[in-house]
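1. Next input, structure requested:
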Amino acid sequence: SSGINAEYGKLNEKGIQEKIEILKKKCLYDDAIQLAKNNQDDHMNLIKAHGDHLASKGDHDGAISKYIGTIGHVEPSYVIRKFLDARRIHNLTQYLEALHERNVANQDHTTLLLNCYTKLKNVQKLEKFIRSDGELNFDVETAIKVCRQATYFEDAAYLAKKFDQFDWYVH
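-> Model prediction:
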């Protein structure tokens, strides 16, 4: 206990950036993040680094929750690449859903999310997504193709009918 107090005593003598680096090296990310809370860039970079650390340790659930906290500050492709492995599809789906909830998803993110739903055979989430009454944030033609390729013909037909695009359904 006195060793920890001595360590923190040394930290008080150093500048904030140096303190953050020391905490980071000791994997004390929560402390470093708290220290950097007044600097948005440092704060987000530390949350990303914490996510990277958790992912490297195999804590993918913990990592994805950190990455979700960086939406709007960290390029989505950075996170998506980390979770493209089929064994990480649940984490990838969770991140893609968060992108959509925050209205920052693009067509590629939507296509990937729909593909995740079909690979997971999660019909309930797929249907909730494509049948939502809100503004659709996806390319309808692509969604129809994904549904057809995954043999979700009813969902493809629903979209084709809703958007009067039967020619896309039959192609």
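2. contacts and neighbour counts: CA atoms only from here.
-> OK.
3. So which other helices or strands are in contact with the biggest helix by length in the chain?
-> Identified as the longest helix of the chain according to DSSP state H is helix 40-56. Packing partners of helix 40-56 (3 or more C-alpha pairs under 8 Å, 6 or more residues apart in numbering; DSSP states H and E): helix 29-35, helix 60-68.
4. repeat that with 10 Å
-> Contacts defined by 3 or more C-alpha pairs under 10 Å, 6 or more residues apart in numbering; DSSP states H and E place helix 40-56 against helix 16-25, helix 29-35, helix 60-68, helix 76-82.
5. Packing partners of the longest one?
-> I take that to be helix 16-25. Helix 16-25 sits against helix 2-12, helix 29-35, helix 40-56, with contacts defined as 3+ C-alpha pairs under 10 Å, 6+ apart.
6. Let's see that with 8 Å instead.
-> So helix 16-25, by 3+ C-alpha pairs under 8 Å, 6+ apart, packs with helix 29-35.
7. Output the helix it packs on as CSV, nothing but the C-alphas.
-> Output of helix 29-35 as CSV, limited to C-alpha atoms (Å, rounded to 0.1, in the frame of the first residue of the first chain):
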residue,chain,number,x,y,z
TYR,A,29,-6.6,3.2,-18.2
ASP,A,30,-9.5,4.3,-16.0
ASP,A,31,-7.2,6.6,-14.0
ALA,A,32,-5.6,7.9,-17.2
ILE,A,33,-9.0,8.5,-18.8
GLN,A,34,-10.2,10.4,-15.7
LEU,A,35,-7.1,12.5,-15.7
